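Enquirer: can't give you the sequence, but here's the structure:
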(Lines give C-alpha, C1' and ligand atoms only; values in the text may rest on other atoms or scores of the structure.)
Protein backbone atom coordinates (compact mmCIF):
# COMPACT_ATOMS: atom_id res chain seq x y z
CA UNK A 1 0.00 0.00 0.00
CA UNK A 2 2.87 2.38 0.74
CA UNK A 3 4.06 2.00 -2.87
CA UNK A 4 0.57 2.92 -4.11
CA UNK A 5 0.67 6.05 -1.96
CA UNK A 6 4.21 7.00 -2.96
CA UNK A 7 3.51 6.58 -6.68
CA UNK A 8 0.00 8.05 -6.65
CA UNK A 9 -1.36 9.13 -10.05
CA UNK A 10 -4.73 10.63 -10.85
CA UNK A 11 -6.74 8.26 -13.05
CA UNK A 12 -8.10 9.18 -16.49
CA UNK A 13 -11.39 11.05 -16.16
CA UNK A 14 -11.04 11.09 -12.37
CA UNK A 15 -12.13 14.37 -10.81
CA UNK A 16 -9.89 16.23 -8.41
CA UNK A 17 -12.36 15.41 -5.64
CA UNK A 18 -12.33 11.69 -6.44
CA UNK A 19 -8.53 11.63 -6.72
CA UNK A 20 -8.19 13.43 -3.37
CA UNK A 21 -10.67 11.10 -1.65
CA UNK A 22 -8.90 8.06 -3.09
CA UNK A 23 -5.53 9.40 -1.92
CA UNK A 24 -6.84 10.07 1.61
CA UNK A 25 -8.42 6.61 1.66
CA UNK A 26 -5.05 5.07 0.81
CA UNK A 27 -3.47 7.00 3.67
CA UNK A 28 -6.15 5.73 6.07
CA UNK A 29 -5.64 2.14 4.92
CA UNK A 30 -1.96 2.42 5.74
CA UNK A 31 -2.00 4.22 9.11
CA UNK A 32 1.68 3.54 9.76
CA UNK A 33 2.87 5.12 6.49
CA UNK A 34 4.92 7.68 8.45
CA UNK A 35 4.75 10.16 5.58
CA UNK A 36 4.95 13.72 6.89
CA UNK A 37 2.20 16.07 5.74
CA UNK A 38 4.55 17.94 3.39
CA UNK A 39 5.34 14.65 1.63
CA UNK A 40 1.64 13.77 1.38
CA UNK A 41 0.92 17.14 -0.25
CA UNK A 42 3.89 16.83 -2.59
CA UNK A 43 2.96 13.28 -3.61
CA UNK A 44 -0.65 14.18 -4.33
CA UNK A 45 0.24 17.40 -6.15
CA UNK A 46 2.82 15.67 -8.35
CA UNK A 47 0.33 12.91 -9.15
CA UNK A 48 -2.53 15.03 -10.47
CA UNK A 49 -2.97 16.49 -13.95
CA UNK A 50 -1.37 19.78 -14.95
CA UNK A 51 -4.82 21.36 -15.11
CA UNK A 52 -5.53 20.33 -11.52
CA UNK A 53 -2.12 21.57 -10.39
CA UNK A 54 -2.99 24.93 -11.93
CA UNK A 55 -6.34 24.93 -10.08
CA UNK A 56 -4.63 24.09 -6.79
CA UNK A 57 -1.96 26.75 -7.28
CA UNK A 58 -4.54 29.38 -8.23
CA UNK A 59 -6.52 28.66 -5.08
CA UNK A 60 -3.32 28.87 -3.04
CA UNK A 61 -2.46 32.26 -4.54
CA UNK A 62 0.75 30.84 -6.02
CA UNK A 63 2.48 27.51 -5.86
CA UNK A 64 1.01 25.41 -3.09
CA UNK A 65 4.43 24.01 -2.29
CA UNK A 66 5.35 27.35 -0.70
CA UNK A 67 2.57 27.02 1.88
CA UNK A 68 2.98 25.41 5.27
CA UNK A 69 2.22 21.68 4.93
CA UNK A 70 -0.94 21.71 7.04
CA UNK A 71 -2.20 24.81 5.23
CA UNK A 72 -1.50 23.20 1.84
CA UNK A 73 -3.32 20.02 2.89
CA UNK A 74 -6.34 22.05 4.01
CA UNK A 75 -6.36 24.10 0.79
CA UNK A 76 -6.44 20.95 -1.33
CA UNK A 77 -9.19 19.51 0.85
CA UNK A 78 -11.25 22.68 0.53
CA UNK A 79 -10.76 22.95 -3.25
CA UNK A 80 -11.73 19.32 -3.80
CA UNK A 81 -14.84 19.68 -1.63
CA UNK A 82 -15.86 22.94 -3.31
CA UNK A 83 -15.43 21.48 -6.80
CA UNK A 84 -17.49 18.46 -5.78
CA UNK A 85 -20.23 20.69 -4.33
CA UNK A 86 -20.19 22.87 -7.44
CA UNK A 87 -20.58 19.80 -9.65
CA UNK A 88 -23.50 18.57 -7.56
CA UNK A 89 -25.23 21.95 -7.79
CA UNK A 90 -24.76 22.06 -11.57
CA UNK A 91 -26.19 18.55 -11.91
CA UNK A 92 -29.22 19.50 -9.82
CA UNK A 93 -29.79 22.64 -11.92
CA UNK A 94 -29.54 20.59 -15.13
CA UNK A 95 -32.05 18.09 -13.82
CA UNK A 96 -34.42 20.90 -12.80
CA UNK A 97 -34.26 22.42 -16.29
CA UNK A 98 -34.79 19.09 -18.05
CA UNK A 99 -37.96 18.45 -16.02
CA UNK A 100 -39.45 21.88 -16.68
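Expert: Structure's in. What do you need? Keep in mind the model is a prediction, meaning the values are calculated, not measured. Numbers count the residues shown, from 1 in each chain.

Enquirer: tell me which element residue 24 is part of?
Expert: Applying DSSP states H and E as the criterion places residue 24 in helix 16-29.

Enquirer: which residues does residue 30 contact?
Expert: Residues touching residue 30, when contacts are defined by CB atoms under 8 Å, 6 or more residues apart in numbering, comprise 1, 2, 5. Glycine gets a C-beta too; all of them are placed from N, C-alpha and C.

Enquirer: which among the residues you listed gets closest to residue 49?
Expert: Ranking the contacts of residue 30 by separation from residue 49, with CB to CB as the measure, puts residue 5 on top at 18.4 Å.

Enquirer: what about the closest one, distance to residue 66?
Expert: Per CB to CB, to the nearest Å, residue 5 is found 23 Å from residue 66.

Enquirer: avg pLDDT for the one helix or strand residue 59 maps to?
Expert: Here residue 59 is covered by helix 50-60, with elements defined by DSSP H and E. The pLDDT scores in helix 50-60 average 96.

Enquirer: mind giving me the packing neighbours of it?
Expert: Applying 3 or more CB pairs under 8 Å, 6 or more residues apart in numbering; DSSP states H and E, one finds that helix 50-60 contacts helix 16-29, helix 69-98.

Enquirer: list the buried ones in that helix?
Expert: Buried residues in helix 50-60, defined by neighbour count with 16 or more other CB atoms under 10 Å: 52, 53, 55, 56, 57, 60.

Enquirer: contacts for that helix?
Expert: With CB under 8 Å, 6+ apart as the criterion, helix 50-60 contacts 10, 16, 19, 45, 48, 63-64, 66-67, 72, 75-76, 78-79, 83.
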